[in-house]
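Undergrad: what's the 3D shape of this:
(4 chains)
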Protein chains: 4
Amino acid sequence: MTDYIFEMTFKVRDYELDAEGIVNNANYLHYLEMTRHEFCTNAGISFMQMRREGIDPVLSRVEIDYMTPLRGDDEVVSRLSLERKGARFIFIQDLYRADDMAQAAHAVVSCVSLENGRLSRGDKLASYFSEFLDN
Amino acid sequence: MTDYIFEMTFKVRDYELDAEGIVNNANYLHYLEMTRHEFCTNAGISFMQMRREGIDPVLSRVEIDYMTPLRGDDEVVSRLSLERKGARFIFIQDLYRADDMAQAAHAVVSCVSLENGRLSRGDKLASYFSEFLDN
Amino acid sequence: MTDYIFEMTFKVRDYELDAEGIVNNANYLHYLEMTRHEFCTNAGISFMQMRREGIDPVLSRVEIDYMTPLRGDDEVVSRLSLERKGARFIFIQDLYRADDMAQAAHAVVSCVSLENGRLSRGDKLASYFSEFLDN
Amino acid sequence: MTDYIFEMTFKVRDYELDAEGIVNNANYLHYLEMTRHEFCTNAGISFMQMRREGIDPVLSRVEIDYMTPLRGDDEVVSRLSLERKGARFIFIQDLYRADDMAQAAHAVVSCVSLENGRLSRGDKLASYFSEFLDN
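TA: As a prediction, the model looks like this:
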């Protein structure tokens, strides 16, 4: 069972729907990114602040399963957990339709951290998340 | 002085920035649309519900002045007023950077209302907003 | 070695960049979708036409590896192959920076086909692609 | 009658549609921006190159009239003319549905030019467009 460390709630915006009346697949990646960035802000450092310190987390891989489609007027609960595997930071992310908690999507998102433009071991990024990582 | 009838607050999302580090001009139209739709929901009927009743408000004109640029981490206060001129519904919309209430944008947005796919005089749409319109 | 059945070329649009000056991760899903839809149009039926016939392909899973980042002024070569596994249609999609053919992304995209709003075995969708599928 | 100095053609992408099956209002600003940027590239300098030279054109005002809605499968002809009024560069932009040349939108877009982060008289930006400006 996933051990979530962050949760936020937001509403679907109508411009995120496509002609089928459901949230377009690419916008789920926006939801996932927004959740990761809010998690960082909440952990004490925003992406804008990281960049000023020369830290630049970049996505290396996303796996996403689309389950229940999201529609206009839907509210979304977004949850996240995090683990580190060497230089990679792996976010497990789940989206739920708030109304009935039907799962909308499940994603595994891998990031690495650039420091001053070069791939790093990730220790500086990890330091921001120390309370959430096992070691 | 504008007599606002609705206000909401939201955060800039990092994916809305462009390479200059400021919110891309098109995203302001998303902010304005989101605010109008939230106003409608708040007035008692969402866009999704309108569509099910055969009402389809469509934009006919937007005038927008870009003032202070919005950036990552910014919170935005979005305010709206409404008047009706015959078949046209005119939203006066202002965006402010919450931090110091510097004005980010001023817009005048004109809509007309389709009923069952045909241009209407707008009476049905006006009925949803009766408490906000003068006559 | 992947046996591509479709290729298209397009330019990065500056509004697709984010504050880091590289194409935002979600826009890669737009590129992939656009390529699948152009493939369909090229195979003889556009998504708009499918919808009028009651066929609605929906994404069930995306796996994407981000490799070389795409930037402003970049031209992109997008290639696609297709296989069918029962009710699932699996698109293998690769994006390359045209300049030097560095690989920008590799994706595996799974779709299923709704017919008149219900999950189908996919036979009607497969009929559009018969020249590209083995059986 | 408008004296166009640039024209380009592109296809509507399905993800640009909203739940009403028409191109979302904000995406017209993307179309307009893309056309201005292609015009610049064509005139000899891309936005990415301008930025490297410390030139940063920023939007100050957009007026747009929405006329015939654009839909999936539509091809769009985008035309542009330019005039300078002191520090302001004013783009007159028209979008047409290629099929029957019905006008989709008419826009007047005003820009100013930052040089090294400060508002400028626009002379450097004007130098890129000298063949298109009267004086």
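
Undergrad: residues of stretch A:63-70 that come out buried?
TA: Neighbour counts over stretch A:63-70 (16 or more other CB atoms under 10 Å in any protein chain shown) mark A:Ile64, A:Asp65, A:Tyr66, A:Met67, A:Pro69, A:Leu70 as buried. C-beta coordinates here come from the backbone N, C-alpha and C atoms, glycine included.

Undergrad: before we move on, what about stretch A:44-59?
TA: Going by 16+ other CB under 10 Å, stretch A:44-59 has these buried residues: A:Ile45, A:Ser46, A:Phe47, A:Met48, A:Met50, A:Arg51, A:Ile55, A:Asp56, A:Pro57, A:Leu59.

Undergrad: Quickly run through the sheet partners of the host helix or strand of the last one, with directions.
TA: Same thing as A:Leu59. According to DSSP states H and E, A:Leu59 maps onto strand A:55-66. Sheet pairing of strand A:55-66 (DSSP bridges) gives strand A:102-115 (antiparallel), strand C:55-66 (antiparallel).

Undergrad: List of residues touching the longest one?
TA: If I follow you right, that is strand A:102-115. Outside strand A:102-115, the residues within contact range by CB atoms under 8 Å, 6 or more residues apart in numbering or on different chains are A:28, A:32, A:36, A:54-70, A:76, A:87-97, A:119-120, A:122, A:124-125.

Undergrad: Can you list the strands that whichever helix or strand comes after it pairs with?
TA: Sequence-wise, the next helix or strand beyond strand A:102-115 is strand A:118-119, with elements assigned using DSSP H and E. Partner strands for strand A:118-119, per DSSP bridges, with pairing direction: strand A:102-115 (antiparallel).

Undergrad: Could you list the alpha-carbon positions for the partner strand in PDB?
TA: Coordinates of each C-alpha in strand A:102-115 appear next as PDB, following Å, rounded to 0.1, in the frame of the first residue of the first chain:
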ATOM      1  CA  ALA A 102     -12.700   6.500  -8.300                       C
ATOM      2  CA  GLN A 103      -9.100   6.400  -9.400                       C
ATOM      3  CA  ALA A 104      -8.500   8.500 -12.400                       C
ATOM      4  CA  ALA A 105      -4.800   7.800 -13.000                       C
ATOM      5  CA  HIS A 106      -1.700   6.100 -11.600                       C
ATOM      6  CA  ALA A 107       1.700   7.300 -12.500                       C
ATOM      7  CA  VAL A 108       5.400   6.500 -11.800                       C
ATOM      8  CA  VAL A 109       7.600   9.500 -12.600                       C
ATOM      9  CA  SER A 110      11.400   9.400 -12.500                       C
ATOM     10  CA  CYS A 111      13.500  12.500 -12.200                       C
ATOM     11  CA  VAL A 112      17.200  13.200 -12.100                       C
ATOM     12  CA  SER A 113      18.800  16.400 -10.800                       C
ATOM     13  CA  LEU A 114      21.000  18.700 -12.800                       C
ATOM     14  CA  GLU A 115      23.300  20.900 -10.700                       C
END
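
Undergrad: Give me the mean pLDDT for that strand.
TA: For strand A:102-115, mean pLDDT is 97.

Undergrad: What residues of it count as buried?
TA: Within strand A:102-115, the residues scored as buried using 16+ other CB under 10 Å are A:Ala104, A:Ala105, A:His106, A:Ala107, A:Val109, A:Ser110, A:Cys111, A:Val112, A:Ser113, A:Leu114, A:Glu115.

Undergrad: Quick check: mean pLDDT of stretch A:16-33?
TA: Taken as a whole, stretch A:16-33 has a mean pLDDT of 96.

Undergrad: Just want the phi and psi numbers for the residue nearest to A:Ser113 when sequence neighbours are not counted.
TA: Distances taken as CB to CB, 6 or more residues apart in numbering or on different chains place A:Leu125 nearest to A:Ser113, at 4.0 Å, with adjacent residues excluded. Here is the backbone geometry of A:Leu125 (degrees, to the nearest 10): phi -60, psi -40.
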